[in-house]
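Novice: Provided below are the primary sequence and the corresponding predicted coordinates.
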Amino acid sequence: MPKILVADDSIAVRKVAERLLTEAGLGVMLAANGEEAMAVLSKERPDLIVSDVIMPDKSGYEVCAFVRSQAALSDTPVLLISGIVNDEVTRQAESCKADGVLKKPFQGTSLKDRVLDLLSRHPQREATPTSATEAGVRTNGSVAASSVRPAEPRKAPDIGEAQLDTLRHAAARLGEAEAALRAERERTSQLTQRIAELERESARVKELEAQLAAEQERSVILEKRVTDAELMTGRVQELEATLSAERDAAAQLVQQLNELELAARRAGELEASLAAEQRQAAELSQRLADAQRQIQRMVELDAALATERERVAQLSRRVVELESAASRVKELEALLATERERVEQATKRASDSESAAQQANKRLEDMARKLAEIAGLASQLGNGKNKL
C-alpha cells in the first residue's frame, strides 16, 4: 500500500486529506508542521509527500528542498498545497522542484486524483542496496561486477599448454582488473564524497533560496496585512466618528423625548383642568342665567315700583334698596367674571372660586327672598291702592 505524508498546520486540512486519501486505499502519515515532516522523513520513506506552502516553522518550499537534497528521497514526488496559487507560488514551486501545486480547500476528489496521478507516474521504489560496496559495484556497471566475482573453476577433461597460457594470461588480466577496480572504487569513493559535499552545498543553496522565497512571500502577505490594517484603522476611525455622531443625536433625541413626555403630561394635566373648569363654568353659566332671569324680574318690578314711587314712600325706599341690590348683583357679576379668569389662570384657586360661587348663590338666594318680600309688599301696596 502506498504511503502518503501530509504536512499542514491546519488540523481541518489534515483530517480532510486523511479521509480522502484513506478512501482511495492509501496509507496516510500526518505532520503538523515542516519540522515534524522533516523528522518523519528522517525515519520513513513515503511514496509521496503533500505539504502546505505556508507553515509556522518550515515552509513547504523548505520541505521540498530538503527532500530533493536527500539521496534516498530525491525522487519522491512532492505536491504542494496553498490557499493562494499565483505566479509567485508557481515560480517558487518550480524553483524547489516540486511536482505541482494544488489549491485548497480541495474541490471534490481533486486531491485524490492528483495524488493517484503522481503515483502512477512514479512507481513504488524497489528495495535499496544493503551495503555501500554493492552500491559501488552497481554504479561501475555489470562488467566490473562480473570482474569482482570470477567464475568458479570447472573440471576440464584435458587442458593443453595453449589453454594453460590462456588461463595464465586471463589470471594476469584478472589481477590487473582487480587493481583497476580497487583504484576505480577509491576514485568513486572520492567522487561520491565530493558529490555529497556538493549536494549538501546545493541543498543549502536551495534551502536559502526557499527561505528567501518564503520570506518574500511572507513580506508580501505582511504588506497586504499592513494595508488591510491601515484600511481597517481608517474604517474604525470613521465608525468611531459615526458612533459619536449617533450618540450625540441619540442624546438629543432622548432630551427631546423627555421634553415631549413632560409636555404630554402637562397637556394631560391641563386637559383635566380645562375639563374641570368647563364643568364649573357651565354650572356658573347656569347660575348666572338664573340670576339674570331674577335681575330681569327685578327690573320689571323696578319699573312697576317707579310708577308708584310718588304715592308710596315706603315702596320708594324699598325700590332704592332694590336698586342697591341690583348694583350688588352687578358687583357679583364682576366678581364672578374675575373668579372665572382666576379659574382659567390658576388651577389651585378652583376651590376658592367654588366657594365664592357658593357665596354668590347664597346672596342671590337672599336677594330672591328679598325680592319675594318686595313683591309681596308691592302686592300689598297694590291692594291698598285699589282699596283707596
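Specialist: Okay, I see it. Residues are numbered from 1 along each chain as shown.
Novice: quick one, helices of the stretch 1-150 of the chain?
Specialist: Taking DSSP state H, counting those that start in this stretch, the helices of the stretch 1-150 of the chain run over residues 11-23, 34-41, 60-69, 87-95, 110-121, 132-140, 142-148.
Novice: of all these, which lies closest to L222?
Specialist: Closest approach to L222 among those (C-beta to C-beta): helix 87-95, 14.4 Å. In this view, the C-beta of every residue, glycine as well, is placed from N, C-alpha and C.
Novice: most tightly surrounded among the helices of the stretch 1-150 of the chain?
Specialist: Ranked by mean neighbour count, the helices of the stretch 1-150 of the chain are led by helix 60-69 with a mean of 25 (mean count of other C-beta atoms under 10 Å).
Novice: and R363, which of the helices of the stretch 1-150 of the chain is closest to it?
Specialist: R363 sits nearest to helix 11-23 of all these, at 100.1 Å, using C-beta to C-beta.
Novice: packing partners of the closest one?
Specialist: On a contact count with 3 or more C-beta pairs under 8 Å, 6 or more residues apart in numbering; DSSP states H and E, helix 11-23 meets strand 3-7, strand 27-31, helix 110-121.
Novice: distance between the second one and the chain's centre?
Specialist: So the one you mean is strand 27-31. Averaged C-alpha coordinates place strand 27-31 at 36 Å from its chain's average position (C-alpha atoms, centre = their mean, to the nearest Å).
Novice: now the first one
Specialist: For strand 3-7, the distance from its own C-alpha centre to the chain's C-alpha centre is 36 Å (C-alpha atoms, centre = their mean).
Novice: tilt between that strand and helix 110-121?
Specialist: Angle, strand 3-7 to helix 110-121, by axes from the mean of the first three to the mean of the last three C-alpha atoms, to 10 degrees: 130 degrees.
Novice: who's in contact with strand 3-7?
Specialist: Here strand 3-7 makes contact (C-beta atoms under 8 Å, 6 or more residues apart in numbering) with 14, 17-18, 21, 26-34, 36-37, 40-41, 44, 46-52, 55, 60, 63, 115.
Novice: and the second one, by the same measure?
Specialist: Strand 27-31 is touched from outside by 1-8, 14, 17-18, 21-22, 37, 39-40, 44, 46, with contacts defined as C-beta under 8 Å, 6+ apart.
Novice: what mean pLDDT does that strand get?
Specialist: For strand 27-31, mean pLDDT is 95.
Novice: buried set for that strand?
Specialist: Neighbour-count burial for strand 27-31 flags 28-31 (criterion: 16 or more other C-beta atoms under 10 Å).
Novice: dump those residues into a markdown table; add distance to E215 as well.
Specialist: Listed next are these as a markdown table, based on distance: C-beta to C-beta, whole Å:
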| residue | distance to E215 |
| --- | --- |
| V28 | 31 |
| M29 | 28 |
| L30 | 27 |
| A31 | 22 |
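Novice: where does pLDDT dip in the stretch 1-150 of the chain?
Specialist: Within the stretch 1-150 of the chain, the segments meeting pLDDT under 70 span 123-150.
Novice: how does it look with 80?
Specialist: Within the stretch 1-150 of the chain, the stretches with pLDDT under 80 are 108, 122-150.
Novice: same check, this time on the stretch 201-350 of the chain
Specialist: For the stretch 201-350 of the chain, the stretches with pLDDT under 80 are 201-257, 261, 263-264, 302, 304-310, 312-319, 339-350.
Novice: which parts of this protein are strands?
Specialist: For the chain, the strands defined by DSSP state E cover 3-7, 27-31, 48-52, 78-82, 100-103.
Novice: circling back to that earlier point, what would the helices and strands packed on helix 11-23 look like in TSV with distance to A250?
Specialist: Output for those, formatted as TSV (distance: least, C-beta to C-beta, whole Å):
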stretch	distance to A250
strand 3-7	54
strand 27-31	54
helix 110-121	52
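Novice: so which of these comes closest to A357?
Specialist: For A357, the closest of the helices and strands packed on helix 11-23 is helix 110-121, at 99.3 Å, according to C-beta to C-beta.
Novice: okay, the angle between the closest one and strand 48-52?
Specialist: Per the same axes, to 10 degrees, the angle that helix 110-121 makes with strand 48-52 is 140 degrees.
Novice: which helices and strands does helix 110-121 pack with?
Specialist: Judged by 3+ C-beta pairs under 8 Å, 6+ apart, the packing partners of helix 110-121 are helix 11-23, strand 48-52, strand 78-82, strand 100-103.
Novice: kindly recompute the last result at 10 Å.
Specialist: With contacts defined as 3 or more C-beta pairs under 10 Å, 6 or more residues apart in numbering; DSSP states H and E, the packing partners of helix 110-121 are strand 3-7, helix 11-23, strand 48-52, strand 78-82, strand 100-103.
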